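*Asks:* Attaching a predicted model along with its sequence, questions to come.
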Amino acid sequence: QKEVEQDPGPLSVPEGAIVSLNCTYSNSAFQYFMWYRQYSRKGPELLMYTYSSGNKEDGRFTAQVDKSSKYISLFIRDSQPSDSATYLCAMMGGSEKLVFGKGTKLTVNP
Amino acid sequence: EAQVTQNPRYLITVTGKKLTVTCSQNMNHEYMSWYRQDPGLGLRQIYYSMNVEVTDKGDVPEGYKVSRKEKRNFPLILESPSPNQTSLYFCASSSLETAIRTQYFGPGTRLLVL
């Protein structure tokens, strides 16, 4: 079983839709959970990170972690064409090692 | 402006011809890292450095070398490139205070080895 699984998509939604992006993981030692956004031909940029379980909100973005299910989500409300990008989940635990999902490609259509 | 820079951005080379991809950051970060990104495989760590003169292997170090002689620079060296090293390479940095969970990535170097 892979440490981090992420559906690559692609995911296509109309502008204004609520987007749900998800990752599952197998390593119960993971404590920090990150979401990176990567525009085409650019490096990833950190969107949000959460520690342990719970929710974190930042504007239109909400990150959710359910450690009991080993499942994390990123919700984007009122999605915009500028949100079109690849979204990467990433996690780390006891070691200083970041494990990335393969990314989900999102397109928001005007 | 806080940034991570990489050079060159695009490179075409031939098998066996040594090359170096430079990486520099202006944020006084202790931690620096190199990743490669391949379709279907995602981002994989090649090498990382916790500080000057301290480097360690990531998940896919074979065929690569690094050095960290100055805090701001972390070059990636391919002594004898092979076609399977054709990839998109990213350098990243972060402060040890925030650990590697808040990494700043460079713009990427697209390498083609013929």
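*Replies:* Yes, it's here.

*Asks:* tally of neighbours for the residue of chain A found nearest chain B?
*Replies:* Nearest to chain B in chain A, going by C-beta to the nearest C-beta, is A:Gly43, at a distance of 3.3 Å. Heads up, the C-betas are built off the backbone N, CA and C, glycines and all. Residue neighbour count, defined by other C-beta atoms under 10 Å in any protein chain shown, stands at 21 for A:Gly43.

*Asks:* what do you get for the one 3 residues further on?
*Replies:* Taking other C-beta under 10 Å as the neighbour definition, A:Leu46 ends up with a count of 18.

*Asks:* Beta-bridge partners for it, please?
*Replies:* Taking DSSP bridges, one obtains A:Tyr36 as the residues bridged to A:Leu46.

*Asks:* Spit out the contact partners of it.
*Replies:* Residues near A:Leu46 by C-beta atoms under 8 Å, 6 or more residues apart in numbering or on different chains: A:Met34, A:Trp35, A:Tyr36, B:Thr102, B:Gln103, B:Tyr104.

*Asks:* neighbours of the fourth one, just the number please.
*Replies:* Using other C-beta under 10 Å, B:Thr102 has 13 neighbouring residues.

*Asks:* repeat for the third one
*Replies:* Residues lying near A:Tyr36 (other C-beta under 10 Å) number 24.

*Asks:* Identify the residues contacting it.
*Replies:* Contact analysis of A:Tyr36 by C-beta under 8 Å, 6+ apart lists A:Pro44, A:Glu45, A:Leu46, A:Leu47, A:Tyr87, A:Leu88, A:Cys89, A:Ala90, A:Phe100.

*Asks:* Contact partners for the first one?
*Replies:* What that stands for is A:Pro44. A:Tyr36, A:Arg37, A:Gln38, A:Leu88, B:Leu43, B:Phe90, B:Phe105.

*Asks:* nearest spatial neighbour of it, skipping sequence neighbours?
*Replies:* Distances taken as C-beta to C-beta, 6 or more residues apart in numbering or on different chains place A:Tyr36 nearest to A:Pro44, at 3.9 Å, with adjacent residues excluded.

*Asks:* Next one: the one you found relative to A:Gly101, how far apart?
*Replies:* Relative to A:Gly101, A:Tyr36 is positioned 10 Å away (C-beta to C-beta, to the nearest Å).

*Asks:* Repeat that for B:Ser94.
*Replies:* With C-beta to C-beta as the criterion, B:Ser94 and A:Gly101 are 19 Å apart.

*Asks:* These two: who's more crowded?
*Replies:* Shown here are B:Ser94 and A:Gly101; by other C-beta under 10 Å, A:Gly101 has more neighbours (27 against 22).
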